[in-house]
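Trainee: Have a look; sequence and predicted model below, questions after that.
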Amino acid sequence: MNASPPAVAGPSSQVSSGQVRVRLRHAAPKELVLAGTPAGEALCALRYPGPEQVTPAVIAQVRGALPVAEFKALRGETNAMPGLLSDECYRYEHPSSRSSERQAVREPADA
């Protein structure tokens, strides 16, 4: 089995006990947010393809697959998400804030 080693907040290391050797891989604390929960698995799955591939439709699929409480937990951790992913979650919940409004916000800054 070629599974990724478990992530830990400290430095990467190996632990041996008899013939069993376990490799613990370092991970940033924000990658461990919601670890061991369905919301944590969803966050990991949303990070995997990159925020450019995550659309409001993908977020709707995730919402449909999670219990309401887990989706609320996921939405509560926007600080652990890459910025573009957090932005897509916001656009999912606020469909009226589309690219035309983002452009309007950028125009004064460009001037």
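Mentor: Thanks, I have it. Given the structure is predicted, the values throughout are model-derived calculations rather than measurements. Numbers count the residues shown, from 1 in each chain.
Trainee: How is Gln14 assigned, secondary-structure-wise?
Mentor: Put simply, Gln14 is strand when judged by DSSP: H, G, I helix; E, B strand; the rest coil.
Trainee: what bridges to it?
Mentor: Arg23 (DSSP bridges).
Trainee: Could you check how far it is from Leu24?
Mentor: Look at Gln14 and Leu24: by Cβ to Cβ, to the nearest Å, they are 7 Å apart. For every residue, glycine as well, the C-beta is placed using N, CA and C.
Trainee: For those two, indicate the residue with more neighbours.
Mentor: The neighbour count for Gln14 versus Leu24, taken as other Cβ atoms under 10 Å, is higher for Leu24 (16 against 9).
Trainee: Spit out the contact partners of the residue nearest to the spatial centre of the chain.
Mentor: Geometric centre of the chain, nearest residue: Leu43, 3.2 Å, by Cα atoms, centre = their mean. Counting by Cβ atoms under 8 Å, 6 or more residues apart in numbering, Leu43 makes contact with 33-34, 74, 77, 80-81.
Trainee: Just the pLDDT at the nearest residue to Lys30 once chain neighbours are set aside, thanks.
Mentor: Closest residue in space to Lys30, ignoring its immediate chain neighbours: Ala80 at 4.3 Å, by Cβ to Cβ, 6 or more residues apart in numbering. With respect to pLDDT, Ala80 scores 85.
Trainee: Correct me if wrong: Ala80 contacts Val33.
Mentor: Yes - counting by Cβ atoms under 8 Å, Ala80 sits close enough to Val33 to count as a contact (4.0 Å).
Trainee: which two from the contacts of Leu43 end up farthest apart in space?
Mentor: Leu34 and Met81 (10.8 Å; Cβ to Cβ).
Trainee: And the two? Which one has more around it.
Mentor: Met81 (21 against 18).
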